[in-house]
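J.: sequence unknown, structure follows:
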């Protein structure tokens, strides 16, 4: 939470970070903060109090916000890859193409499509009837362990899950991969080694985030649901629900020179009033003595 909120504050306060790339990064940090608040408090409460009960309505609400935010992140990562494609492959047209209006429209489209799409899905899932076991074999209300508790036939629900998962993962993943294939092809044509290294460094952070996020999603929602993979699915769920929001600030701050400079400037501005007061106090002490 501290890392993501600090990135948001830096992007808002520092004029040099008012660019499309950092605008989308601010959206990602905001999304990570909300995702953690959706799952982590209830999980920690259950671990600390040994009381992990949650109502059916609360379970559905938790999955709705988690699934919506996951869908938003899929499309947001795709928009970030498209932004990098324009910056590297279309540098002369970048400013005119990726203008302020387009950035806001793309960002709003990611958030609205994720929450509206999952509203339809949650309405269909809320029609399931639960009358059997009440223990979810998971650390949050994910769809697969919840459906196992239903008394009804769940083949239709599983088909709807596959359709929605495909809709919110395959198109953005395809756009992301296409963007980076074009980016890598363009980088390979750069004659200087320094130019290639600089171009790769601007995209490597995003590629790390995309690899972790999509790799774990595929492991949980695409691999067969067998008893042998049940424990693995829980571990992978930790990656995309908790570890990814934790790593994003570290990846984007430690591997980004502009972010480091902005952080140093921000810390100097914050500490300067305290330094001036300390200097004035020392002067007064010396004068009295």
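T.: On my side now, so go ahead. Not measured: the values here are computed from a predicted model.
J.: what about the helix or strand residue 81 falls within, distance to the chain center?
T.: Taking DSSP states H and E as the definition, one finds residue 81 inside helix 56-89. Taking the mean of its C-alpha atoms, helix 56-89 sits 7 Å from the chain's own mean (CA atoms, centre = their mean, to the nearest Å).
J.: What helices and strands are in contact with the next helix or strand after that helix?
T.: With elements assigned by DSSP H and E, the helix or strand that comes after helix 56-89 is helix 94-97. In terms of contacts (3 or more CB pairs under 8 Å, 6 or more residues apart in numbering; DSSP states H and E), helix 94-97 is packed against helix 56-89. (Each C-beta comes from the backbone N, C-alpha and C, glycine too.)
J.: buried stuff in the helix it packs on?
T.: Neighbour counts over helix 56-89 (16 or more other CB atoms under 10 Å) mark 59-60, 62-88 as buried.
J.: Over to stretch 168-182?
T.: 168, 169, 172, 173, 175, 176, 179, 180.
J.: show me the contacts for the third one.
T.: With contact set as CB atoms under 8 Å, 6 or more residues apart in numbering, residue 172 has these partners: 74, 75, 77, 78.
J.: That one - nearest residue in space that isn't next to it in sequence?
T.: residue 78 (3.6 Å; CB to CB, 6 or more residues apart in numbering).
J.: wait, doesn't the one you found sit right on residue 175?
T.: Yes - taking CB atoms under 8 Å as the definition, residue 78 is a contact partner of residue 175 at 4.4 Å.
J.: Tell me which residues are up against stretch 134-143.
T.: 39, 42-43, 54, 59-60, 62-63, 66-67, 125, 145-146, 148-149, 161, 220, 230, 234, 237-238, 241.
J.: Just the ones of the residues you listed in helices?
T.: Among those, DSSP state H puts 39, 42-43, 59-60, 62-63, 66-67, 125, 145-146, 161, 220, 230, 234, 237-238 in helices.
J.: Compute the number of surrounding residues for residue 102.
T.: Neighbours of residue 102 under the rule other CB atoms under 10 Å: 15.
J.: pLDDT averaged over the helix or strand hosting it, what's the number?
T.: Using DSSP H and E, residue 102 maps to helix 100-125. Taken as a whole, helix 100-125 has a mean pLDDT of 88.
J.: Likewise for stretch 151-158?
T.: Mean predicted lDDT for stretch 151-158 stands at 76.
J.: how about that stretch: buried residues?
T.: Per 16+ other CB under 10 Å, stretch 151-158 contains these buried residues: 154, 157.
J.: which stretches of the stretch 151-289 of the chain have low pLDDT?
T.: 195, 198-199, 202, 221-230, 254-255, 272-289 (pLDDT under 70).
J.: roughly how far apart are the residue nearest to residue 172 and residue 190?
T.: Using CB to CB, to the nearest Å, residue 78 is found at 24 Å from residue 190.
J.: now do residue 46
T.: Residue 46 is 52 Å from residue 190, by CB to CB.
J.: Against which helices or strands is the one helix or strand residue 30 maps to packed?
T.: For residue 30, the host element (DSSP H and E) is helix 20-49. Judged by 3+ CB pairs under 8 Å, 6+ apart, helix 20-49 is in contact with helix 2-13, helix 56-89, helix 100-125, helix 244-254.
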